[in-house]
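>>> Sequence first, predicted coordinates after that:
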Amino acid sequence: MFANRGLEIKTRGQIDKMRIAGLLVGQTLELLRASARPGVTTGELDALAEANIRDHGGVPSFKGYSHPPFPATICASVNDEVVHGIPGERVLGDGDIVSIDCGAIVDGWHGDAAITVAIGEVAPEVIELMRVTEEALWHGLAAARLGGRVTDISHAVEQHVRSQGPYGILEDYTGHGIGTEMHMAPNVPNYGRPGRGPTLVEGLALAVEPMVTLGSKETDLLEDDWTVATSDGSMAAHFEHTFTLTPDGAWVLTAIDGGAARLAELGVAFGGR
């Protein structure tokens, strides 16, 4: 267990508190999914998210985070923007996609999740990119077992994406541990060989987040020092969930149903309460 030094292992009661934060994040993202349509600005989505989080006793995880301080409640990354887009006056139009990343803190515990939403009529290859990315997330979650290793998740994500076509998988940005802080050890890459990294134990919570492009995996950091965009201008999708493992199976803390339905489709036991 030396490889697990420095990891935050939660008690059952602490995981239950993380579920409260995770559920608030999941509900906020569903509100934004329903609100994202042509003519809406990314700033309007951000205002909706902040109001919903605060109205339900939470605090936005992202606002004021790091340096320069992130200025908003959500990341809203449009089209070739992969992650960390700053919401503002940009108007969403027919054919766009927007990746919305959201985090909330409730009673000191974090939840973190992301979805990519199609705006109006979107090109078929972009809809397919979204499908592949979200499925890769669930395949990664389904690969996690108590006693397994972190890169079992990474390998499952990569294998699913590779099986679907010549997509780019970001390597410079990864999933992460989560709990009393939003970003904690260990990193959870979206590629690599299985059987490496810390052991998956009860009480460890991870955020798994594939970032996949229609072109190259190479990215650029834009002048705002936050927004990450594809170097070749290709479209990108991003999906994320916070999850944990119990003796009964996987529990997706940011999914409304705890992940029960999608895990069942993949033949994986549901470990939620």
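Alright, I've got the coordinates.

>>> Pull the number of nearby residues for the closest residue to Ala260 other than its chain neighbours.
Among residues not flanking Ala260 along the chain, Phe270 sits closest, at 4.5 Å (CB to CB, 6 or more residues apart in numbering). In this view, the C-beta of every residue, glycine as well, is placed from N, C-alpha and C. Close neighbours of Phe270, defined as other CB atoms under 10 Å, add up to 18.

>>> now do Glu181
Count around Glu181 with other CB under 10 Å applied: 15.

>>> for the longest helix anywhere in the chain, packing partners?
Criterion DSSP state H: the longest helix present in the chain is helix 12-35. Contact analysis of helix 12-35 by 3 or more CB pairs under 8 Å, 6 or more residues apart in numbering; DSSP states H and E lists helix 42-55, strand 97-106, strand 109-118, strand 241-246, strand 249-252 as its packing neighbours.

>>> Give me the distance from the fourth one to the chain's centre.
The gap between the average C-alpha position of strand 241-246 and the chain average comes to 12 Å, counting by CA atoms, centre = their mean, to the nearest Å.

>>> Could you give the backbone dihedrals for the residue nearest to Ala260?
Main-chain torsions, Phe270, degrees, to the nearest 10: phi -90, psi 130.

>>> separation between it and Met235?
As for Phe270, its distance to Met235 is 33 Å (criterion: CB to CB, to the nearest Å).

>>> quick one: buried residues of the longest helix of the chain?
Using 16 or more other CB atoms under 10 Å as the test for burial, helix 12-35 gives 14-15, 17-29, 31-32.

>>> what does stretch 165-176 give?
Neighbour-count burial for stretch 165-176 [16+ other CB under 10 Å]: Tyr167, Gly168, Ile169, Leu170, Tyr173, Thr174, Gly175, His176.

>>> can you check stretch 115-127 too?
Here stretch 115-127 shows Ile115, Thr116, Val117, Ala118, Ile119, Val122, Val126 as buried, counting by 16+ other CB under 10 Å.

>>> of those, closest to Leu141?
Using CB to CB, Ile115 is the member of the buried residues of stretch 115-127 that sits closest to Leu141, with 14.9 Å.

>>> give the contact list for the spatially closest residue to the closest one that is not a sequence neighbour.
Closest residue to Ile115 apart from its sequence neighbours, by CB to CB, 6+ apart: Leu29 at 5.3 Å. The neighbourhood of Leu29, defined by CB atoms under 8 Å, 6 or more residues apart in numbering, consists of Ile100, Cys102, Ala113, Ala114, Ile115, Thr254.

>>> Now render the helices and strands packed on helix 12-35 as TSV, adding distance to Thr213 and mean pLDDT.
TSV is the format used below for the helices and strands packed on helix 12-35 (distance: least, CB to CB, whole Å; pLDDT from 0 to 100):
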stretch	distance to Thr213	mean pLDDT
helix 42-55	20	98
strand 97-106	11	98
strand 109-118	12	98
strand 241-246	20	98
strand 249-252	24	98
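
>>> picking up where we left off before, rounded mean pLDDT for the longest helix of the chain, please.
Across helix 12-35, the average pLDDT comes to 98.

>>> what angle separates it from strand 97-106?
150 degrees (axes from the mean of the first three to the mean of the last three CA atoms, to 10 degrees).

>>> Now do helix 12-35 and helix 42-55, the angle between them.
Going by the same axes, to 10 degrees, helix 12-35 makes 140 degrees with helix 42-55.
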